[in-house]
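Q: structure here, sequence nowhere to be found:
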């Protein structure tokens, strides 16, 4: 039986939000304290998920994945460049998620049984992600209804475990503006992907809204749990908390399936980006290849610098989406037949530089918002000049 479209997308994006990576990012907010930390989480997610909605709406209306709809702003060859960027970041994300999930599995099993084998857990997670990919997006909702349902119940239990006791002060130098940007960063990481799923929708606005809203609540919840780990439990290591909570097999379920339901989207969308380069060929095969390569990377090349990775994603894709939103919603552009858009390519470089500059400037709303405002104004100026020259 086919799941209703709205339910399928809701399950998909709640599964994407329930992630060890999101909990881990939430632990970084603890130095702000409970009230400021929660404010930064909500404000950042509101900004990021608003962008997620409009990007998903473009995919739903054009019936194209995000990197292909990027041709509206950058032309065919410009979209190829963003496909390559997206494949690289998704390969990195897939490896990072597998590393994080296997580390928690290893620690949880070791604390309960004394058995330790990180390679085994890495291969297990990589294999399960490949199964999700092989099943395919249209059919994975039937599996997600059980996996995500179980995760929902277990994260409620975990919330009760975390939020007891007294708040413990946590030292750190994180500012409110930097916290807002870290909160925006996680929804931003999904911007190049959301159109890959909303393109199948028969109800564009509803599907885009359900996707963004479901992700908003799920992701905020995970950030809050992560922040609670540091503030209430006095522990930022998720594996230790899961083991100490005496959840047993439930802890393994959280670690395993929260990783799989999120990482599947990364691998699948890498295949979609590859298909943009090959004009529709090899989507699933390449996604399975990404699973294999990421699993090998996770075994042999442990990755760090997690925060820097999130900011790098913002540097590449926030300017891209800003210019795409301007072209689609403000100028009404729809053509994907242009070979290359030099004007927007130059503006993208400006946006990239602006984003990196604003990372060192402590604004109350982070780096994304001021960069988008300036880039949108520059885009409008260039558009006006082009119209005058055309006349």
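A: Sure thing, it's come through. Just so it is clear, the model here is predicted, and its values are computed rather than measured.

Q: skipping its backbone neighbours, what lies nearest residue 169 in space?
A: For residue 169, ignoring the flanking residues on the chain, the nearest one in space by Cβ to Cβ, 6 or more residues apart in numbering is residue 33 at 7.9 Å. No exception for glycine: its C-beta is placed from N, CA and C like everyone else's.

Q: quick one, phi/psi of that neighbour?
A: Here is the backbone geometry of residue 33 (degrees, to the nearest 10): phi 90, psi 170.

Q: tell me which residues touch it, please.
A: 167, 169, 231 (Cβ atoms under 8 Å, 6 or more residues apart in numbering).

Q: including pLDDT, could the residues you listed go into CSV?
A: CSV is the format used below for those (pLDDT from 0 to 100):
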residue, pLDDT
167, 77
169, 73
231, 85
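
Q: and those, which of them are buried?
A: residue 231 (16 or more other Cβ atoms under 10 Å).

Q: which of the contacts of residue 33 sits closest to residue 157?
A: residue 231 (18.8 Å; Cβ to Cβ).

Q: how near is the closest one to residue 38?
A: Counting by Cβ to Cβ, to the nearest Å, the gap between residue 231 and residue 38 amounts to 10 Å.

Q: same thing with residue 276?
A: Residue 276 is 39 Å from residue 38, by Cβ to Cβ.

Q: quick one: buried residues of the host helix or strand of residue 45?
A: If you go by DSSP states H and E, residue 45 is part of helix 34-62. By 16+ other Cβ under 10 Å, the buried positions in helix 34-62 come out as 37-45, 47-49, 51-62.

Q: report the angle between the host helix or strand of residue 94 and helix 34-62.
A: Secondary-structure assignment from DSSP H and E places residue 94 in helix 71-113. Calculated by axes from the mean of the first three to the mean of the last three Cα atoms, to 10 degrees, helix 71-113 forms an angle of 130 degrees with helix 34-62.

Q: ok now whichever helix or strand comes after helix 71-113, how far from the chain's centre?
A: Sequence order places helix 118-135 as the next helix or strand after helix 71-113, per DSSP H and E. Helix 118-135 sits 19 Å away from the centroid of its parent chain (Cα atoms, centre = their mean, to the nearest Å).

Q: what's the answer for stretch 124-139, then?
A: Worked out by Cα atoms, centre = their mean, stretch 124-139 lies 18 Å from the chain centre.

Q: among the contacts of residue 33, which one sits closest to residue 271?
A: Distance to residue 271 across the contacts of residue 33 (Cβ to Cβ) is lowest for residue 231, with 39.4 Å.

Q: check contacts around the closest one.
A: For residue 231, the contact set (Cβ under 8 Å, 6+ apart) comprises 30, 33, 34, 37, 167, 168, 170.

Q: of all these, which comes closest to residue 198?
A: residue 37 (31.1 Å).

Q: that closest one contacts residue 25, correct?
A: No. Residue 37 lies out of contact with residue 25 (Cβ atoms under 8 Å); the separation is 11.7 Å.
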